[in-house]
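Peer 1: Sequence first, then the predicted structure, then my questions.
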Amino acid sequence: MKKYPIHENLNTSFVNLKALVAFLRDLQFVGSVHVELSSYEADITFTQANLMLAREHDHIAGRISHGEHALQRILIRAAEPCGRIHVYNAPSETRHGSRETAYVDEVIALGARETITNRSDTPAIFFENKRSRFTLQYFDQRIGTEAGEGTQMGLPDLPYALRDTIPEKTVEPLLSTEEWEVFLNLTEELLRTIDKSLAKVNLNFDRLFENACGLIAGEYPFLDPELKEVGYKNGNLKVQRQIPSGTLLAGLIATLRRIFDRLHEEMRFVSICQFATHRLRILMQKRKPLYEHYRFTPKLTHLIKD
């Protein structure tokens, strides 16, 4: 389907995507928003039936996702500075009219110009959560004024709640205290095995682990190094609160995959990666009953095959 650009190259440092999405939804906009970040891109499509369809492509993880959780991750990732947002209209035959386009064009253009030229009431400041005038209240007031109405237009009920965090899987029950301790011991042993393997070529696993956690914190917020909820240092794993075991394990495996992928980019580290995976196979055989009980086996098997 051909796209008709309304605005291109809006900087995520200035434009609040969450507010923009709510604003477009309020106008019953038909078209799409495309987000571009480093090694990441996403699309939010607004249909004529007033629904939103979300799709994301994480090039580093090699993952394409759709649906509600994808939308939540898009909104979180779009808070990163220096990304690009593009707004496209659907072809005219799929739209109800052009009045919505005029509103979209004028409001986005005005807000962007005022912000970038530092003439807005609250000039944009890089790297702050509250950025520029692109807030839900701003869009409400602006559209209400342009329509000649004395009261603000209420935002509609979106098909997905716009949250700032990715919800953990509430369907997964927490382990008992005893099982949680066993699970943590197994996880620590797993990380320590890789740590010792990489240490043979003087690689600092602690630093690699922290960096990888920071890279995937958008998908697994509890791994954000700044939150200090999960950390590994000097052979010790520290977890400040109980997290559903499947969620925690998935995040840690994703972290290890990121480390291995990065090491495989340099030929001098390929052999040590092979040695580390060999040690993992031995550990999987040694802990087979426990690994199957706590569902380590499928995830580790996938990691080793990758």
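Peer 2: Good, I have the coordinates. Values in this document were obtained by computation on a predicted structure and should not be read as measured data.

Peer 1: surely residue 259 meets residue 212?
Peer 2: Yes: judged on Cβ atoms under 8 Å, residue 259 makes contact with residue 212 at a distance of 5.1 Å. For every residue, glycine as well, the C-beta is placed using N, CA and C.

Peer 1: Give the next helix or strand downstream of the helix or strand of the chain with the lowest mean pLDDT.
Peer 2: The helix or strand of the chain with the poorest confidence is helix 136-146; it has a mean of 43 (mean pLDDT, DSSP states H and E). The helix or strand immediately downstream of helix 136-146 is helix 177-199, counting by DSSP states H and E.

Peer 1: Flag every buried residue along that following helix.
Peer 2: Residues of helix 177-199 classed as buried by neighbour count (16 or more other Cβ atoms under 10 Å): 183-184, 186-188, 190-192, 194-195, 197-198.

Peer 1: tell me what it is packed against?
Peer 2: Counting contacts by 3 or more Cβ pairs under 8 Å, 6 or more residues apart in numbering; DSSP states H and E, helix 177-199 is packed against helix 205-215, strand 230-233, strand 236-239, helix 245-264, helix 270-286, helix 288-293, helix 296-305.

Peer 1: Which one of these lies nearest to residue 28?
Peer 2: helix 245-264 (36.3 Å; Cβ to Cβ).

Peer 1: For the closest one, buried residues please.
Peer 2: 245, 248-260, 262-263.

Peer 1: Could you single out the nearest of those residues to residue 43?
Peer 2: residue 254 (22.9 Å).

Peer 1: Ignoring the adjacent residues along the chain, who's closest to the closest one?
Peer 2: residue 216 (5.3 Å; Cβ to Cβ, 6 or more residues apart in numbering).

Peer 1: Could I have the CA atoms of stretch 229-236 written out in PDB?
Peer 2: Extracted in PDB, the C-alpha atoms of stretch 229-236 (Å, rounded to 0.1, in the frame of the first residue of the first chain):
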ATOM      1  CA  GLU A 229      17.300  -5.400  40.800                       C
ATOM      2  CA  VAL A 230      19.400  -8.100  39.100                       C
ATOM      3  CA  GLY A 231      23.200  -8.100  39.000                       C
ATOM      4  CA  TYR A 232      26.200 -10.500  38.700                       C
ATOM      5  CA  LYS A 233      29.600  -9.700  40.100                       C
ATOM      6  CA  ASN A 234      32.600 -11.800  41.200                       C
ATOM      7  CA  GLY A 235      30.700 -15.100  40.700                       C
ATOM      8  CA  ASN A 236      27.700 -14.000  42.700                       C
END
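
Peer 1: what comes into contact with it?
Peer 2: 188, 191-192, 195, 205-206, 209-210, 213, 222-223, 225, 237-241, 243, 248, 251-252 (Cβ atoms under 8 Å, 6 or more residues apart in numbering).

Peer 1: Swap in 7 Å and give it another go.
Peer 2: Stretch 229-236 is contacted by residues 188, 191-192, 195, 206, 209, 222-223, 238-241 when judged by Cβ atoms under 7 Å, 6 or more residues apart in numbering.

Peer 1: Likewise for stretch 41-54?
Peer 2: Contacts of stretch 41-54 (Cβ under 7 Å, 6+ apart): 21, 24-25, 28-35, 55-57, 66-67, 70-71, 74, 94, 159-160.

Peer 1: Pull out the buried residues from that stretch.
Peer 2: 41-46, 52, 54.

Peer 1: pLDDT and secondary structure for those residues - can I get that in a markdown table?
Peer 2: Formatted as a markdown table, the buried residues of stretch 41-54 follow (pLDDT from 0 to 100; DSSP: H, G, I helix; E, B strand; the rest coil):
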| residue | pLDDT | secondary structure |
| --- | --- | --- |
| 41 | 92 | strand |
| 42 | 94 | strand |
| 43 | 94 | strand |
| 44 | 95 | strand |
| 45 | 92 | strand |
| 46 | 90 | strand |
| 52 | 89 | strand |
| 54 | 92 | strand |
